[in-house]
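Novice: next come a sequence and a model predicted from it.
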Amino acid sequence: MNTHSMTFSLPSLVAELHAQFAESARLETAIRANLKGLGYAL
């Protein structure tokens, strides 16, 4: 792979990371709720 041909936009990457953190938080909340429903509260 030629890394010289790859262009990264830092603001774009930061926005993607922010979206991934938000999704992570949403999933963690759902997982904790499901575990609590099964009697495994964290």
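Specialist: Yep, it's here. Owing to the predicted nature of the structure, the values given are computational and were not obtained by experimental measurement. Numbering: from 1, shown residues only.
Novice: now Ala41: how far from Leu27?
Specialist: According to C-beta to C-beta, to the nearest Å, Ala41 and Leu27 sit 17 Å apart. Placement of C-beta: from N, CA and C, glycine included.
Novice: kindly apply the preceding question to Lys36 instead.
Specialist: Distance from Lys36 to Leu27, counting by C-beta to C-beta: 15 Å.
Novice: ok, Ala19 next?
Specialist: Here Ala19 is placed at a distance of 13 Å from Leu27 (C-beta to C-beta).
Novice: give me the most central residue, this protein.
Specialist: The C-alpha lying nearest the average C-alpha coordinate of the chain belongs to Gln20 (C-alpha atoms, centre = their mean; 2.9 Å).
Novice: now do the SS call for that one.
Specialist: With DSSP: H, G, I helix; E, B strand; the rest coil as the basis, Gln20 sits in helix.
Novice: ok, it to Tyr40 distance?
Specialist: Plainly put, Gln20 is 26 Å away from Tyr40 if you go by C-beta to C-beta.
Novice: one more: Phe8?
Specialist: For Phe8, the distance to Tyr40 - C-beta to C-beta - is 40 Å.
Novice: pLDDT wise, what is Thr29 at?
Specialist: For Thr29, the pLDDT comes out at 97.
Novice: can you list the low-confidence ranges for the protein?
Specialist: 1-6 (pLDDT under 70).
Novice: tally up the residues packed near Lys36, please.
Specialist: Neighbourhood size, Lys36 [other C-beta atoms under 10 Å]: 11.
Novice: check which helix or strand covers it.
Specialist: Using DSSP states H and E, Lys36 sits in helix 10-37.
Novice: what about Thr7, which SS state?
Specialist: Strictly by three-state DSSP, Thr7 counts as coil.
Novice: count of neighbours near it?
Specialist: So Thr7, with other C-beta under 10 Å, has 6 neighbours.
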